[in-house]
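> Pasting a predicted model and its sequence here:
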Amino acid sequence: MSFYITTAISYVNGAPHLGHAYEAITTDVLARHHRQRGEDVFFLTGTDEHGEPIADTARAEGIEPQELADRNAARFLALMPQLEISNDFFIRTTDREHHRRVQEVLQRVHDNGYTYKGLYEGWYCPRCADFKVENEILDGNRCPIHEIELTREREENWFFRLSAFQERLELLFSERPDFVMPAVRYNEAHSFIASGLEDISLSRARMHWGVEVPWDPSHVFYVWFEALMNYTSAVGYGSDPERFADWWPAVHHLVIGKDILKFHTVFWPAMLMAAEIEVPRHVFVHGFLLAADGRKMSKSLGNVLDPFEVLERYGPDALRHYLCREVSFGQDGAVSPDGFEARYDAELANEYGNLASRTLNMLARYSDGVVPAVETDAALRAEFATLLERADELLDRAELSAALDEIWGYVRRLNRYVEETAPWAIAREEDRSEELAGVLATLAEGLRAVTVALEPYMPGRTALLLEALGAGGAAERAFAPRGSGAGTTQIAPLFPKSA
Ligand code: MSP
């Protein structure tokens with residue numbers, strides 16, 4: 001089964017921040033989870049390098065846009081391995097190959113009669129690279145997202161006949177209630193469509209930093225339409241039909257709410273329909289990470305939390321765990337260094353880290369480091385089977401913090417199991433050695449199974465622990481009926497307590 005998952009592609013007018021890291025991490029969790037389930041996964045991320053925000057920043061710095069794009073794209077690219085992101089490809093919209101593909105798709109939209117030339121006038125935010133409609137504009141003609149003053153723009157553009165897709169989009173939404181998740185975002189997109197669609201501009205005449213319109217080279221494409229096409233270019237649309245057929249339409253986009261919802265759930269499907277390409281399967285919409293002051297973290301608001309600092313002190317797994325656990329997926333959530341430390345100590349160092357150390361210690365002490373090859377506890381096994389089912393179901397709806405809650409409940413369950421069975425007490429009585437073997441087998445196997453379930457969230461530390469449990473390599477997800485008989489090793493604390 002094919003599973004194609006994408007992040008949005010990031011603007012390169014600045015360095016990556018925690019919001020970008022969050023999107024890459026959450027998408028990576030889903031990609032890794034589907035790989036574990038034996039699916040063929042293609043995971044795409046990349047950078048959006050054209051348009052006004054980039055041209056303006058480059059001008060302000062007195063450099064060419066390409067130079068700015070190269071410099072910042074390199075930072076996004078470097079961030080991926082630092083966050084343990086398992087992307088299969090990194091697309092840059094300044095790639096020549098992408099240009100050609102964009103021109104092909106949009107030429108098709110033009111040939112199919114969905115474009116025309118017209119005059120556009122409206123309030124424009126250069127940071128969003130988007131015109132704003134009257135009812136979303138803040139007092140003083142300011143952008144609802146960036147809070148900066150909008151400019152009045154009037155120019156001759158190529159238009160896309162979005163209005164021609166009113167009925168087909170309504171049909172799409174009524175036939176596929178799971179097209180956009182969570183439901184609150186589905187409703188938001190749906191009501192945007194229901195309020196009546198107007199045609200939108202497809203090109204810009206005054207901008208030069210973009211992809212040329214093939215039928216009118218004095219224009220470049222409006223950056224959004226060109227950028228959205230990254231999802232088709234990256235899997236071979238127009239260059240490799242077989243490859244394209246493998247991955248399309250098994251597409252799951254993972255995008256943020258509010259600011260880019262309508263582009264992905266209204267404009268993008270309409271554009272695909274106009275080019276006779278099937279629409280994606282799902283669009284998952286995550287929330288904003290907010291600073292402690294409750295506002296969106298963004299460069300222009302000056303309240304950015306630097307992911308590089310967190311990474312340096314605690315490593316990627318701790319950051320991944322914190323973001324997935326703290327922010328309920330799909331909703332906005334505040335993050336802070338204090339909140340991070342509290343969760344790190346309570347959950348990673350104490351609950352999970354201690355479970356791992358205790359289990360490895362007891363195996364060393366009472367069983368010569370070997371996982372006894374005896375039957376594991378049937379009740380715990382059954383509980384784990386139910387948990388896996390529930391977590392899979394939740395992850396199918398991209399409910400990744402709810403799934404992590406379930407898995408974490410099992411970490412706690414195993415800690416309770418240790419307290420209830422008190423292996424150290426059993427070990428003092430010689431005639432209870434069989435019982436001790438059963439408890440150790442159950443603990444080792446339980447820890448192994450829950451660690452496999454945690455792997456998508458914390459790939460680095462879980463791999464270390466699986467090695468130590470003698471269970472590295474191919475990860476079996478089910479809780480085995482018998483202990484593995486494998487040799488184990490002692491390791492340093494997985495998550496040392498923060499100082
Ligand atoms: N380039 C466009 C997307 C084009 S997709 C064809 C864009 N770029 S962006 O750099 O502004 O944002 C990239 C992604 O990061 C978007 O999904 C955006 O919403 C997300 N985030 C930006 N700030 C964020 C937070 N504070 N919190 C969570 N996600 C954040 O939009």
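Happy to help now that I have it. Numbering: from 1, shown residues only.
> give the contact list for the residue of the stretch 301-450 of the chain found nearest the ligand.
The minimum distance from the stretch 301-450 of the chain to the ligand, using Cβ to the nearest ligand atom, falls at residue 332 (8.1 Å). Yep, even glycine has a C-beta here, placed from its N, CA and C like the rest. By Cβ atoms under 8 Å, 6 or more residues apart in numbering, residue 332 lies in contact with 257, 287-290.
> Once you drop chain neighbours, what's closest to it?
residue 287 (4.0 Å; Cβ to Cβ, 6 or more residues apart in numbering).
> Quick check on the closest residue to the ligand within the stretch 101-250 of the chain: phi, psi?
In the stretch 101-250 of the chain, the residue that lies nearest the ligand is residue 227 (3.9 Å; Cβ to the nearest ligand atom). For residue 227, the backbone dihedrals (degrees, to the nearest 10) come out as phi -70, psi -40.
> same deal with residue 237?
Dihedral angles for residue 237 - degrees, to the nearest 10 - are phi -60, psi 130.
> doesn't residue 6 make contact with the residue of the stretch 101-250 of the chain closest to the ligand?
No. Residue 227 is not in contact with residue 6 according to Cβ atoms under 8 Å; the separation is 11.7 Å.
> So for stretch 69-85, mean pLDDT?
Per-residue pLDDT over stretch 69-85 has a mean of 97.
> Buried residues, that stretch. List them.
69, 72-73, 75-77, 79-80, 82-85 (16 or more other Cβ atoms under 10 Å).
> Of those, which belong to helices?
Those of the buried residues of stretch 69-85 mapping onto helices are 69, 72-73, 75-77, 79-80, 82, per DSSP state H.
> Can you add distance to the ligand and give these back as TSV?
Converted to TSV, these look like this (distance: Cβ to the nearest ligand atom, whole Å):
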residue	distance to the ligand
69	12
72	10
73	12
75	12
76	9
77	14
79	12
80	14
82	17
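> Select, from these, the two members most distant in space.
Using Cβ to Cβ, those span at most 20.4 Å, a distance reached by 69 and 82.
> hmm, back to that, tell me which of the ones in helices among the buried residues of stretch 69-85 is nearest to residue 32?
Using Cβ to Cβ, residue 80 is the member of those that lies nearest residue 32, at 13.6 Å.
> shouldn't the closest one be in contact with residue 44?
No. In this structure, residue 80 is not within contact of residue 44 by Cβ under 8 Å, at 11.6 Å.
> ok, the closest residue to the ligand within the stretch 151-300 of the chain - contacts?
Going by Cβ to the nearest ligand atom, the ligand is nearest to residue 256 of the stretch 151-300 of the chain, at 2.8 Å. Residue 256 makes contact with 8, 19, 23, 285-288 under the criterion Cβ under 8 Å, 6+ apart.
> Now render the residues you listed as a markdown table, adding neighbour count and secondary structure.
Output for the contacts of residue 256, formatted as a markdown table (neighbours: other Cβ atoms under 10 Å; DSSP: H, G, I helix; E, B strand; the rest coil):
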| residue | neighbour count | secondary structure |
| --- | --- | --- |
| 8 | 24 | coil |
| 19 | 21 | helix |
| 23 | 20 | helix |
| 285 | 26 | strand |
| 286 | 27 | strand |
| 287 | 20 | coil |
| 288 | 20 | coil |
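> For the residue of the stretch 101-250 of the chain closest to the ligand, list the residues it contacts.
Counted by Cβ under 8 Å, 6+ apart, residue 227 has contacts 9, 48, 50-51, 93.
> Residue 119 belongs to a helix?
No. Counting by DSSP: H, G, I helix; E, B strand; the rest coil, residue 119 is located in no helix; its state is strand.
> Look up which residues are beta-bridged to it.
residue 156 (DSSP bridges).
> okay, now it: neighbour count?
10 (other Cβ atoms under 10 Å).
> I'd say it and residue 158 touch.
No. Residue 119 lies out of contact with residue 158 (Cβ under 8 Å); the separation is 11.4 Å.
> Show me whatever sits in contact with both of the two.
With the criterion set as Cβ under 8 Å, 6+ apart, the contacts of residue 119 and residue 158 do not overlap.
> returning to that earlier point: need the pLDDT of the residue of the stretch 101-250 of the chain closest to the ligand.
Per-residue pLDDT puts residue 227 at 96.
> Identify the residue nearest residue 485 in space, chain neighbours excluded?
residue 373 (3.6 Å).
> looking at it, that neighbour is touching residue 444, isn't it?
No. Using Cβ under 8 Å, residue 373 is not in contact with residue 444; the gap is 10.6 Å.
> shared neighbours of the two, anything?
With Cβ under 8 Å, 6+ apart as the test, residue 373 and residue 444 both reach 483-484.
> Counting neighbours, go ahead and name the busier of these two.
Using other Cβ under 10 Å as the criterion, residue 373 and residue 444 rank with residue 444 on top: 27 against 12.
> so that one is in which element?
Per DSSP states H and E, residue 444 falls inside helix 433-454.
> which strands and helices sit next to that helix?
helix 354-367, helix 378-396, helix 400-421, helix 423-426, helix 459-468 (3 or more Cβ pairs under 8 Å, 6 or more residues apart in numbering; DSSP states H and E).
> Break this structure down into its domains, please.
2-287, 337-468 (automatic domain parsing).
> Show me the least confident stretch of the ones you listed, going by mean pLDDT.
The lowest average pLDDT among those, as it happens, falls on domain 2-287, at a mean of 94.
> So for that domain, first residue to last residue, what's the gap.
Domain 2-287 has an end-to-end distance of 26 Å (criterion: Cα to Cα, to the nearest Å).
> How far off centre is that domain?
15 Å (Cα atoms, centre = their mean, to the nearest Å).
> Any residues of the chain in contact with the ligand? List them.
Neighbours of the ligand within the chain, by Cβ under 6 Å from any ligand atom: 8-11, 19-20, 22-23, 48, 227-228, 255-256, 259-260, 288-289, 296-298.
> One more pass at 5 Å, please.
Proximity of the chain to the ligand (Cβ under 5 Å from any ligand atom) is limited to residues 8-11, 19, 22-23, 48, 227-228, 255-256, 260, 288-289, 297.
> Max pairwise distance over those: which two?
Most distant of these, by Cβ to Cβ, are 228 and 297, 24.2 Å apart.
> Let's verify the closest residue to residue 400 other than its chain neighbours: helix, strand, or coil?
Leaving aside its sequence neighbours, residue 400 sits nearest to residue 329 (Cβ to Cβ, 6+ apart; 4.9 Å). With three-state DSSP as the basis, residue 329 sits in coil.
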